[in-house]
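In: Provide a 3D model corresponding to the input given below.
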Amino acid sequence: MEGGTLLQVQDLVLGCRGRSYPLVGTVSFGLRAGEIFGLVGESGCGKSLTGLACLALFPSGVKPLSGRVIFRDTDLLSLPEEKRRKFRGRHIGLIFQEPLNALNPVFTVGHQVEEVLELHRGLSGEKARRETVRLFSEVGLPDPELRLRNYPHELSGGMRQRVMIAMALAGDPDLLVADEPTTALDVTVQAQILELFLELRARRGLSILFISHDLAVIREVADRVAVMYAGEIVEEAPREELFSSPLHPYTRALLAAFPRLGTRKLEVLPGQVPPPGTWPRGCRFAPRCPEKIPLCAEKHPELKEIRPHHRVRCLRV
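Out: All right, here's what the predicted structure looks like:
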């Protein structure tokens, strides 16, 4: 593995039982220690499935067809399920996009965090309670001791998301996978949660895989950004370079549709992401691309490094 790389996804292909076509493939990227790596794209592009694969966690019916997910020196996809369960939470934490659905409504939030502490760190009783209070305080929950007795429905959306972050931190992981963690929040609370992620990275030295469809959110937090389309990465670059000098037509189209102060009319990208099983033979973006040439319909482009640390999948670049 490359020096300083914490997580390496290598040629990952995900499929569905009973289907001959892949859902994601072929995806490769690396995440360095202490880095926030942004994964962005429209709904249906495969970014959430890719994020779950980083924990070797797959929805029912989905399975890896090929590739590797290496955390430090361990290939998670080669581990038996029992070892994967022990690995999750302790080394890699997961934050879901809708905490009201992710949290159990019949247990207090304190009890749910204490369960994680007992499973991954062997804490129970008063030690687990004190550590839960400390975690609630670290993530900015007001009156953390009182929150131990709250049920999820008694908390606001922002407070529930803070509980989810505390739960992800309970195992003291090195990597967080945050799947659309600000989607259900209003703008003010969203800004507070993003600031919390930056603080946690600085204080704990965490690495974060941050998944979002929102370019504004990605620009706030990410060090590097990968853009996904139809199950594959089409561009990857350092944040500032991607936003100032995008090379792929899809990235440029996303940025053109980005609201800006004083803009009266936004650009519209016609069509939608093709679902798995309907991907074109050539470039998957070609049917929607205003810059396509005849070759784009015939040849599938490779992801190539065009500039240092800047990769793009386009025949015209």
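
In: number of residues surrounding R129?
Out: The number of residues packed near R129 is 18, by other C-beta atoms under 10 Å. Placement of C-beta: from N, CA and C, glycine included.

In: assign it to helix, strand or coil.
Out: When classified by DSSP: H, G, I helix; E, B strand; the rest coil, R129 comes out as helix.

In: contact partners for it?
Out: By C-beta atoms under 8 Å, 6 or more residues apart in numbering, the contact set of R129 is 110, 114, 148.

In: same deal with L175?
Out: Listed by C-beta under 8 Å, 6+ apart, the contact partners of L175 are 6-7, 31, 54, 71, 91-93, 206-209.

In: try 7 Å this time
Out: With contact taken as C-beta atoms under 7 Å, 6 or more residues apart in numbering, L175 is in contact with 6-7, 91-92, 207, 209.

In: quickly note the distance from the residue positioned nearest the centre of the chain to G25.
Out: For the chain, the residue nearest the mean C-alpha position is I211 (2.9 Å; C-alpha atoms, centre = their mean). To G25, I211 is 18 Å away according to C-beta to C-beta, to the nearest Å.

In: tell me how far E305 lies from L247.
Out: From E305 to L247 the distance is 11 Å (C-beta to C-beta).

In: go on, F58?
Out: 32 Å.

In: these two: which is more packed in?
Out: Legend: neighbour count by other C-beta under 10 Å for F58 and L247, higher for L247 (20 against 15).

In: so the residue nearest to the centre of the chain bridges to which residues?
Out: As for beta bridges, I211 partners with L39, D179 under DSSP bridges.

In: use 53 as the first number from now on
Out: Noted, 53 is the first residue going forward, which turns the last one into I263.

In: circling back to that earlier point, buried ones among the contacts of R181?
Out: Buried members of these, scored by 16 or more other C-beta atoms under 10 Å, are 162, 166, 200.

In: what sits against the residue lying closest to the first one once chain neighbours are set aside?
Out: Counting by C-beta to C-beta, 6 or more residues apart in numbering, the nearest residue to G162 once its immediate chain neighbours are dropped is L200, at 3.1 Å. Remark: with contacts taken as C-beta under 7 Å, 6+ apart, L200 is in contact with 160, 162, 181, 184-185.

In: from memory L64 sits against G119, does it?
Out: Yes - with contact defined as C-beta atoms under 7 Å, L64 reaches G119; the gap is 3.7 Å.

In: of those two, who's got more company?
Out: L64 (24 against 19).

In: which other helices and strands contact the helix or strand where G103 lies?
Out: G103 belongs to helix 99-105 when assigned by DSSP states H and E. Packed against helix 99-105, as judged by 3 or more C-beta pairs under 7 Å, 6 or more residues apart in numbering; DSSP states H and E, are the following elements: strand 57-68, strand 74-84, strand 88-92, strand 114-123, strand 227-231, strand 259-264.

In: re the thing from before, reformat the contacts of R181 as JSON lines; add secondary structure and pLDDT.
Out: Formatted as JSON lines, the contacts of R181 follow (DSSP: H, G, I helix; E, B strand; the rest coil; pLDDT from 0 to 100):
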{"residue": "G162", "secondary structure": "helix", "pLDDT": "98"}
{"residue": "E166", "secondary structure": "helix", "pLDDT": "97"}
{"residue": "L200", "secondary structure": "coil", "pLDDT": "97"}
